[in-house]
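Novice: my questions are about this predicted structure, shown below with the sequence.
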Amino acid sequence: MIDLQDITKVYQIGDEKLYALNHATLHIAPREFVSIIGPSGSGKSTLMNIIGLLDTADAGTYKLDGIPIQNYSERQLARVRNEKIGFIFQNFNLIPKLTAWENVELPLIYRGMRPAERSERVALALERVGLTARARHLPTELSGGQQQRVAIARALVTDPSLLLADEPTGNLDSHTSAEIMGILHELHRQGNTVVLITHDNDIARQAPRSVHILDGRLTEVVL
Amino acid sequence: MIMSFKMALRSIGSNKLRAVLTMLGIIIGVMALVVLVSLVNGATRSVTDQMASLGSNYVQAYCWAYGDKAVTMEELEEWVEEEPLIEALSPEKNASATAKYGSKSQQMQIVGTSPAYYEIKGLQLAAGRFIKSSDLRNNSRVCILGPSAVDVLVGYSDCIGDELSINGLRYTIVGVLGKSQSLMYSGYGENLIYIPFTTMDRQFDTGYGIDSFYATAPEGTAMADAESAVRSYLSERVGTDDWGNENFYVYSMDVMETSTEGVTNILSILLGGIASISLIVGGIGIMNIMLVTVTERTREIGIRKAIGASRGNILRQFLMEAVVLCMMGCAIGIFLSWCILRLANVVVAGTNMITFDLDGGVVLVSVGFCFLIGIIFGLYPANKAAKMKPIDALRYGG
């Protein structure tokens, strides 16, 4: 479902060219659970942003579900992000002024869904991450683990074909991390494609397949 | 749409002090616009009301037709009955006579007229009554004194029922007119003695017909129409003399009225224009804060884009916020203007006549203007927000 071919992303810093991605090629099949592992500065966030359609590559082709994304207009990109991709960020990226419920509801609003269907799906998503009781709380009133679970619910609520998790446990203690990883495993078992980006070998090892990234180059590894 | 309205309200509500300070420019602008224009309109209305109450709203006509051709009161009344452009009509006959009260004797101007004169010329009674139609029928010897006539002849105003003589004939004083309340024409018509014109015809041999009269237009029709109605009637009735000159002369105060209107219109446009400038300044304030808000919320914009908000969604959200800010400011401004006008009414209550109301037209204009300002000054910041690349926005500040 993800088909990256010779993706290159270059940052110009002064006179120097910095290859965040250097002819990266990666195929991910539907229902796969892949971890991408690499130290900071290795280009893994850039990779995630390109896979998540937040950023565009300077060269190479990227097909999502068989469709080359270069052809998409900005409006279409927004729609694909909304319908096919669920993001889980290291720092949760919840909107602080909105309650847990409203944060989860937001992508459905952008999709233009009816209120009745919306609240049904939000309730379901919050239930799946076990946060039904805290739906009316603001992010600041929730613990880190709870915030991340809200973020996962927000990613889930649209039934995306791809879950993109960028260091989802990076800001969490080991106990909560295990909890979050449990949810990701559960989602994978339920048939979601999960791409997990991390610098932590222990976390990466939990995925059936791992890809190593260093200086913008990708290599398959067995951990 | 409703959703973005709710979002806008929430985001404004989350920083109330800033929202109020931002709105202040709009509030003051709206207040300046609404209060100034309403004040001018109130003053204009009181001036025109005064002109009307003074009887400036009349057509005056003279005609020279004597003997068989003389215009009689009966035919004038018949004509007024059928002419929709004329509300009322009253003759005026003038004579000079010696009036005597007690031992005092004085040369006075005598006016012979009908009951309608009172309304047409906007006279004010201080005591007693004016001429009645029964006085006309009975050729009653009754008279009404103008305020100066009272001073000159009687010396005190409590003279109703007293008698005076005009050229030797005894008249009963039935009414005394008050001093003119008006800003204009003070002194005009104050030194006169009014008597029924039929009585006058008998004593002064003026029974040759009507050679001078006043007419008014019904409410809501223009004086100019009444004037031309009188003109066409007289042109048919008395026509021209052997040399082709018109045997009549008609004029009205309409010219003055329209020029007053012109001046006050220019005044409200001028003041409104100045006030609009402060509204625009308020709009710039809104734009300024919206730009700050967009920068502050860059990360939020990034999150929203990441979860699928399109450019249009973001644009709408921030535009809505600017418009809602403007409209709230506008509403508060209109409310405060209303308070100020009420206050102004209380202040001027003692000095009579002038009242100030919220002018519906200017309220509508300011609402429309605020909406436009919200759109115009919100568009740039909103567009700036919408154009952000999701990845740059997400990276911002963290």
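Specialist: Received, thanks. Residues are numbered from 1 along each chain as shown, chains lettered A, B, ... in the order given.
Novice: can you list the strands that the worst-scoring helix or strand of chain A on mean pLDDT pairs with?
Specialist: One helix or strand of chain A scores below all others by mean pLDDT, DSSP states H and E: strand A:217-221, with a mean of 85. Applying DSSP bridges, strand A:217-221 is found paired with strand A:209-214 (antiparallel).
Novice: from the rest of the structure, what touches the strand it pairs with?
Specialist: A:24, A:26, A:32-39, A:42-44, A:47, A:204, A:218-223 (Cβ atoms under 8 Å, 6 or more residues apart in numbering or on different chains). Every residue, glycine included, has its C-beta placed from N, CA and C.
Novice: swap the cut-off to 7 Å and go again
Specialist: By Cβ atoms under 7 Å, 6 or more residues apart in numbering or on different chains, the residues outside strand A:209-214 that reach it are A:26, A:32, A:34-38, A:42-44, A:47, A:204, A:218-221, A:223.
Novice: same check on stretch B:308-321?
Specialist: A:74-75, A:78-79, A:81-82, A:107, A:110-111, B:4-5, B:7-8, B:11-12, B:290, B:294, B:301, B:304, B:375, B:378-379, B:381-383, B:385-386.
Novice: now it: buried residues?
Specialist: Neighbour-count burial for stretch B:308-321, counted by 16 or more other Cβ atoms under 10 Å in any protein chain shown, picks out B:308-311, B:313-321.
Novice: how near is residue A:91 to chain B?
Specialist: Between residue A:91 and chain B the computed distance is 6 Å (Cβ to the nearest Cβ, to the nearest Å).
Novice: quick check on that residue: phi, psi?
Specialist: Main-chain dihedrals, residue A:91, degrees, to the nearest 10: phi -100, psi 30.
Novice: quick revisit: need the buried ones from the contacts of stretch B:308-321 selected in PyMOL.
Specialist: Those of the contacts of stretch B:308-321 that count as buried under 16+ other Cβ under 10 Å are selected in PyMOL with:
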select buried, (chain A and resi 78+79+81+82+107+110+111) or (chain B and resi 4+7+8+11+12+290+294+301+304+378+379+381+382+385+386)
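Novice: now intersect the contacts of stretch B:308-321 with the helices, please.
Specialist: Those of the contacts of stretch B:308-321 mapping onto helices are A:74-75, A:78-79, A:81-82, A:107, A:110-111, B:4-5, B:7-8, B:11-12, B:290, B:294, B:301, B:304, B:375, B:378-379, B:381-383, B:385-386, per DSSP state H.
Novice: now name the helix or strand holding the closest residue to residue B:1 other than its chain neighbours.
Specialist: What sits nearest to residue B:1 in space, not counting adjacent residues and going by Cβ to Cβ, 6 or more residues apart in numbering or on different chains, is residue B:316, at 7.8 Å. Assigned by DSSP states H and E, residue B:316 belongs to helix B:311-348.
Novice: can you classify the residue of chain B found nearest chain A by secondary structure?
Specialist: Here chain B gets closest to chain A at one residue, residue B:308, 2.3 Å apart by Cβ to the nearest Cβ. Using DSSP: H, G, I helix; E, B strand; the rest coil, the structure places residue B:308 in coil.
Novice: mind checking pLDDT for the residue nearest to residue B:1?
Specialist: Per-residue pLDDT puts residue B:316 at 92.
Novice: look up phi and psi at the residue nearest the centre of chain A.
Specialist: Residue closest to the mean C-alpha point of chain A, counted by Cα atoms, centre = their mean, is residue A:164 at 1.9 Å. Phi and psi for residue A:164, reported as degrees, to the nearest 10, are phi -110, psi 120.
Novice: beta partners of it?
Specialist: In this structure, residue A:164 bridges to residue A:87, residue A:195 when assessed by DSSP bridges.
Novice: where do the strands sit along chain A?
Specialist: A:2-13, A:16-28, A:33-37, A:59-64, A:67-68, A:85-88, A:162-166, A:193-198, A:209-214, A:217-221 (DSSP state E).
Novice: same list, these, but as CSV with distance to residue B:103 please.
Specialist: Listed next are the strands of chain A as CSV, based on distance: least, Cβ to Cβ, whole Å:
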stretch, distance to residue B:103
strand A:2-13, 116
strand A:16-28, 119
strand A:33-37, 124
strand A:59-64, 118
strand A:67-68, 118
strand A:85-88, 111
strand A:162-166, 115
strand A:193-198, 120
strand A:209-214, 126
strand A:217-221, 129
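Novice: deepest in the core, which of these is it.
Specialist: A comparison of those by mean neighbour count, using mean count of other Cβ atoms under 10 Å in any protein chain shown, puts strand A:85-88 on top with a mean of 26.
Novice: list the buried residues for the longest helix belonging to chain A?
Specialist: Longest helix in chain A by number of residues (criterion: DSSP H): helix A:174-189. Under the neighbour-count criterion of 16+ other Cβ under 10 Å, helix A:174-189 has A:176, A:177, A:179, A:180, A:181, A:183, A:184, A:187, A:188 buried.
Novice: the fourth one touches residue A:169, doesn't it?
Specialist: Yes - at 5.5 Å, residue A:180 counts as touching residue A:169 under the criterion of Cβ atoms under 7 Å.
Novice: so what's residue B:26 up against?
Specialist: B:279, B:282, B:286, B:326, B:329, B:330, B:333, B:370.
Novice: ignore the last one, residue A:154
Specialist: For residue A:154, the contact set (Cβ under 7 Å, 6+ apart) comprises A:103, A:104, A:107, B:307.
Novice: next one: it from residue A:26, what distance?
Specialist: 25 Å (Cβ to Cβ, to the nearest Å).
Novice: hang on, the earlier thing: just give me the closest of the contacts of residue B:26 to residue A:197.
Specialist: Set against residue A:197, the nearest of the contacts of residue B:26 by Cβ to Cβ is residue B:286 (41.3 Å).
Novice: excluding covalently adjacent residues, which one is nearest to residue 22?
Specialist: All of this refers to chain A. Setting aside the residues directly before and after it, residue A:22 is nearest to residue A:216 in space (Cβ to Cβ, 6+ apart), at 3.7 Å.
Novice: meant chain B, my bad for not saying
Specialist: Once flanking residues are discounted, residue B:22 sits nearest to residue B:289: 4.5 Å by Cβ to Cβ, 6+ apart.
Novice: pLDDT below threshold where in the chain?
Specialist: In the absence of a named chain, this looks at chain A. A:223 (pLDDT under 70).
Novice: wait, I meant chain B there
Specialist: Across chain B (using pLDDT under 70), the flagged ranges come out as B:50-56, B:180-190, B:253-258, B:350-353, B:397-398.
Novice: export the buried residues of helix A:174-189 to JSON lines and tack on distance to chain B?
Specialist: As requested, those are exported to JSON lines (distance: Cβ to the nearest Cβ, whole Å):
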{"residue": "A:176", "distance to chain B": "20"}
{"residue": "A:177", "distance to chain B": "20"}
{"residue": "A:179", "distance to chain B": "23"}
{"residue": "A:180", "distance to chain B": "19"}
{"residue": "A:181", "distance to chain B": "22"}
{"residue": "A:183", "distance to chain B": "18"}
{"residue": "A:184", "distance to chain B": "18"}
{"residue": "A:187", "distance to chain B": "17"}
{"residue": "A:188", "distance to chain B": "21"}
